[in-house]
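In: quick one, fold the following:
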Amino acid sequence: MKEFPEIIVPLTRIYEMSLAPVKTNVMVAGVELAIFDRLIKPVRAEELAEKCGFNAKMTAEYLNVLAACGLVIKKDGFYQNSPEAEQYLVTGRPTYYGDLILFEYGRLAMSPKKIAERVKNGPAFTEEDGMNSEEFWVRYARSMANWERSGTAQKVADIISALSEFSSMKKMLDLGGGPGLVGMAVLSRHPSMEGAVFDQPAVVNVTEEFIAEYGLSDRITTIGGDYLNDPLGSGYDLILASCTLNFARDCMDKMVKKIYNALNPGGIFVSLHDGIYDEGTKPSIHVLNMMPSALSGYSCSLSKGLIVSSILNAGFQSVWSQTINFDAGPLDIDIARKNPEWTED
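Out: So this is what the prediction gives:
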């Protein structure tokens, strides 16, 4: 008689991974339907279906799946948003994450067929990858704004405002700042410091909208350009690079030296970034996020310690580093201090 196989590890994780697309697709469909806007208060499935013109039976089935995913709470036949859905999936909220979900879904949902093709045949950067167009980066900046102000900007501002030098700072640069919310959060903790946000010309048009929204037009300006090749300006007491130096991965020493030269003596450079370790396999959240870019031939993840090495090579007096848990996973923050006495290179 044929023997049954020996089970060394349970099937559980493989089975759960096979169901993961269901959760993702259910959430994305909810964003497309704006279903969470209708679930701020408890409602029955048939009432919701009637108001929206949906099929009543399918609406009930779908809401049950949302409840199984933890996005909706069901009690006594009534459905209502979970706290996470209420905070991040209701349109119009300053923390609404739906735009970024829709923006990233096409990139992250790389089909098994496409993955297999890239693995077999090599990278193929196509127009659908989009990263070469201004329109891509403008849309990306808009969609990133609510992510930044959903906790990341506040946490970075907490760290920087606690620095002993913070109160004496007069001028900061938010390098590759996109919508600029992280730099704005830092600036809002200081009574008089002025700042500039440096990004692509098309992107800083978006930045200016958020500057106006927060009433900081008298304290923040924008610089449109390519920070890898264009001058950064000078006289900064603080330069912040938040999740942007990936673009300088292949010229990091040169970029960090450029930052060093733009700082005043005694100035501070703060970099927030991913830090990949364990032979390129961890943290898994960053490896997964970077996969579509990597398989398109544009791998831009940063190895842990890379920026620290460039900081030391540039001549900074000291650097302090720590890994901090953000909602988007663990990120490394490096804080470097330039020697207070200027020396000509």
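In: could you list the low-pLDDT ranges of the stretch 101-250 of the chain?
Out: Confidence mapping of the stretch 101-250 of the chain against pLDDT under 70 gives the ranges 125-132.
In: let's see it at 80
Out: Scanning the stretch 101-250 of the chain for pLDDT under 80 picks out the ranges 124-133.
In: for it, which segments count as helices?
Out: 112-121, 134-147, 153-161, 181-188, 201-213 (DSSP state H, counting those that start in this stretch).
In: got a list of contacts for the fourth one?
Out: Residues outside helix 181-188 that contact it (C-beta atoms under 8 Å, 6 or more residues apart in numbering) are 145, 148-149, 152-154, 156-157, 160-161, 172, 174, 177, 193-195, 197, 210-211, 214, 216, 219-220, 238, 240, 242, 272. C-betas here are computed from N, CA, C, even on glycine.
In: the longest one too?
Out: The set of residues external to helix 134-147 that reach it, using C-beta under 8 Å, 6+ apart, is 93-97, 99-100, 102-104, 130-131, 178-179, 181, 199-200, 202-203, 205-207, 210, 328.
In: same thing but at 7 Å, please
Out: The contact list for helix 134-147 (C-beta atoms under 7 Å, 6 or more residues apart in numbering) reads 94-97, 99-100, 103, 130, 178-179, 181, 200, 202-203, 206, 210.
In: again, but for stretch 93-110
Out: 28, 31, 87-91, 139-140, 142-144, 146-147, 149-150, 292, 295.
In: with stretch 153-172 instead?
Out: Applying C-beta under 7 Å, 6+ apart, the set of residues contacting stretch 153-172 is 181-183, 185-187, 189-190, 193-195, 235-238, 240, 242, 268, 270, 272, 326, 333.
In: now, the most widely separated pair of the contacts of helix 134-147?
Out: P94 and G130 (26.1 Å; C-beta to C-beta).
In: and these two? which has more neighbours close in?
Out: Neighbour count, other C-beta atoms under 10 Å: between P94 and G130, G130 has more, with 16 against 10.
In: quick one: the strands in the stretch 151-300 of the chain, in order.
Out: 171-175, 194-199, 220-224, 236-242, 263-273 (DSSP state E, counting those that start in this stretch).
In: ok now the first one, how far from the chain's centre?
Out: Average the C-alpha atoms of strand 171-175, do the same for its chain, and the two points are 19 Å apart (C-alpha atoms, centre = their mean, to the nearest Å).
In: quick one: strands adjacent to that strand?
Out: According to DSSP bridges, strand 171-175 forms sheet pairs with strand 194-199 (parallel), strand 236-242 (parallel).
In: for the shortest one, buried residues please.
Out: By that I understand strand 194-199. Residues of strand 194-199 classed as buried: G195, A196, V197, F198, D199 (neighbour count, 16 or more other C-beta atoms under 10 Å).
In: taking their axis directions, that strand and strand 220-224 sit at what angle?
Out: Using axes from the mean of the first three to the mean of the last three C-alpha atoms, to 10 degrees, the inter-axis angle of strand 194-199 relative to strand 220-224 is 30 degrees.
In: one step back: quick one: closest of the strands of the stretch 151-300 of the chain to G70.
Out: Here strand 263-273 is closest among those (C-beta to C-beta), at 28.8 Å.
In: list the contacts of that closest one.
Out: With contact meaning C-beta under 7 Å, 6+ apart, strand 263-273 is reached by 156, 160, 163, 165, 235-243, 245-246, 259, 302, 307, 331-342.
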